[in-house]
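J.: Got a predicted structure here, sequence first:
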Amino acid sequence: MKAFISFTVLSLLLAVPSRATAQSFPKNNGSPWVWVEAGNGFNQPRGAPKLYLATLQITPQYTLVPGRLRAGVTGGGFYQGSRFGWLGGPRVTLKVLEGPSVLTASSYNIHLLGEYLFGKRSGAENERQWLGGGVGFELDDLLILSLKLHRDQRQPITYFQFGVSVNVTKPRIRPLPPVTE
């Protein structure tokens, strides 16, 4: 397991091209970006059929390295098969590629994310410990489409999900003042 984590961290560090330095992942000015994510997918217990998986998470993140790296915590709930549960833990987001600029903002970026989530499912004796990550496609610090894969460290279960996140703290563009003649 330690070899897997070391390989993942080394891969993240080597995957950062020098081009990923423009204005997405901006400095926070004291308050975090807050993402609300709805996920949907499946989990595959060993020797059992696939079960539907739904998640709803809130993820406040601070920019640690402007233009490159955000970190924060995530918390929320999940529905697995016929039971509900909660989860929470740290999340790190590393930008690896940035799209062309449109006017003064970058149009999109692609980032890698890593999570280590702890939780409990209703009716289960054991707690959950999800370790995993994925890739995200972020549009102008407002919307993220992500694919994530997690492995439960306490149960032989793999989770796959597609998520849609919205940044609820992104400043809105003010309308232009009316033209007077």
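T.: Alright, I've got the coordinates.

J.: Walking through the protein, point out its strands one by one.
T.: For the chain, the strands defined by DSSP state E cover 33-45, 51-65, 69-80, 83-98, 101-102, 105-106, 108-121, 127-139, 143-152, 157-167.

J.: P175: which of those is closest?
T.: Of all the strands of the chain, strand 105-106 sits nearest to P175, with 17.7 Å by Cβ to Cβ. C-betas here are computed from N, CA, C, even on glycine.

J.: Can you tell me, leaving aside adjacent residues, what's nearest to the most centrally placed residue in the chain?
T.: Central residue of the chain (Cα atoms, centre = their mean): L113, 5.6 Å from the mean position. The shortest distance from L113 to any non-neighbouring residue, by Cβ to Cβ, 6 or more residues apart in numbering, is to T93 (4.7 Å).

J.: repeat for I144
T.: That would be S165: by Cβ to Cβ, 6+ apart, it lies 4.0 Å from I144.

J.: is that neighbour in a bridge, and if so with what?
T.: Taking DSSP bridges, one finds E37, I144 as the beta-bridge partners of S165.

J.: ok, it to S101 distance?
T.: 22 Å (Cβ to Cβ, to the nearest Å).

J.: before we move on, what about G39?
T.: 30 Å.

J.: Likewise for P66?
T.: 16 Å.

J.: Neighbour count for those two, which is higher?
T.: Each of P66 and S101 has its neighbours counted (other Cβ atoms under 10 Å); P66 has more, 15 against 11.

J.: Which pLDDT value belongs to the residue of the chain most remote from its centre?
T.: What lies farthest from the middle of the chain is E181; by Cα atoms, centre = their mean that is 48.4 Å. The per-residue pLDDT reported for E181 equals 70.

J.: which residues does the residue nearest to the centre of the chain contact?
T.: By Cβ atoms under 8 Å, 6 or more residues apart in numbering, the contact set of L113 is R91, V92, T93, L94, G133, G134, V135, G136, S146, K148.

J.: Of these - the most surrounded one?
T.: With neighbours taken as other Cβ under 10 Å, the top of the contacts of L113 is T93, carrying 27 neighbours.

J.: Report the beta-bridge partners for it.
T.: With beta bridges defined as DSSP bridges, T93 has these partners: R70, L113.

J.: if I pick it, what's in contact with it?
T.: F25, Q61, L69, R70, A71, H111, L112, L113, G136.

J.: quick one: the fifth one and L64 touch, right?
T.: Yes: counting by Cβ atoms under 8 Å, L64 is a contact partner of A71 at 5.4 Å.
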